[in-house]
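Engineer: Please work out how this folds:
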Amino acid sequence: MNNPRPKVKLSRALGIPLTPKSVKYFEARPYPPGVHGRARKTESDYKVRLREKQRLRAQYNIREAQLRNAFTKAAKAGVKTGEALLIDLERRLDALVLRAGFARTIYQARQFVVHRHVLVNGRRVDRPSYRLRPGDVITIAPRSQSMVPFQIAATGEHTDAVPPYLEVRADAFAARLSRLPERKEIPVICDEQLVVEHYSR
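Structural biologist: Prediction:
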């Protein structure tokens, strides 16, 4: 089993709990790690924007190049760049596996996709970055449904906060992206305008 502490340390550095296990640690010590974690320091605008970008990266568990590419695409969308960026990231397969309650964390969701436990419209997709379109259906592969994590998911244990753009049938191991999400519905802690400013500097 993975040691939760590295995620706890990252959670404290970014100011957000990234996994269920990190919540209790984060609540006990909601300040950055290290000797000077409690000290209040005046931060530069650059550092504030950088941390917001790192927060977004961490919540989707993506590499810098992936986020930069998504930003470049969003900047050409002809709408608010920050909103377009988050809507695009939320369409990622691993993100929607997490939102549907098939995984407890974004890290586990990524693992499930990479290990070919997830189907989109009946076909195996092993790319966490695969973007879904409205109407696409996520299912868990029949041979994988007997695995303990999916059996737990089938009880609806992780579906208490399913966003309104997803239709989920936990007992059938199925979820459908009914429409594109709206920014206010996306459960991500981020001031996306700061991320836009970081990449636009």
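Engineer: Can you give me the pLDDT of the residue most central in space within the chain?
Structural biologist: In the chain, the residue lying closest to the centroid (CA atoms, centre = their mean) is residue 60, at 3.5 Å. With respect to pLDDT, residue 60 scores 97.
Engineer: mind checking the longest helix of the chain?
Structural biologist: Ordering each helix of the chain by length in residues (DSSP state H) puts helix 45-60 first.
Engineer: Buried residues, that helix. List them.
Structural biologist: Residues 49, 51, 52, 53, 54, 55, 56, 57, 58, 59, 60 are the ones in helix 45-60 that count as buried (16 or more other CB atoms under 10 Å). Any C-beta I mention is one placed from the backbone N, CA and C, and that applies to glycine too.
Engineer: how near is the residue nearest to the centre of the chain to residue 182?
Structural biologist: 18 Å (CB to CB, to the nearest Å).
Engineer: and if you look at residue 7?
Structural biologist: For residue 7 relative to residue 182 (CB to CB), the value is 29 Å.
Engineer: of these two, who's got more company?
Structural biologist: Between residue 7 and residue 182, residue 7 has the larger neighbour count (other CB atoms under 10 Å), namely 20 against 14.
Engineer: Surely the more buried one is within a helix?
Structural biologist: Yes. Under DSSP: H, G, I helix; E, B strand; the rest coil, residue 7 sits within a helix.
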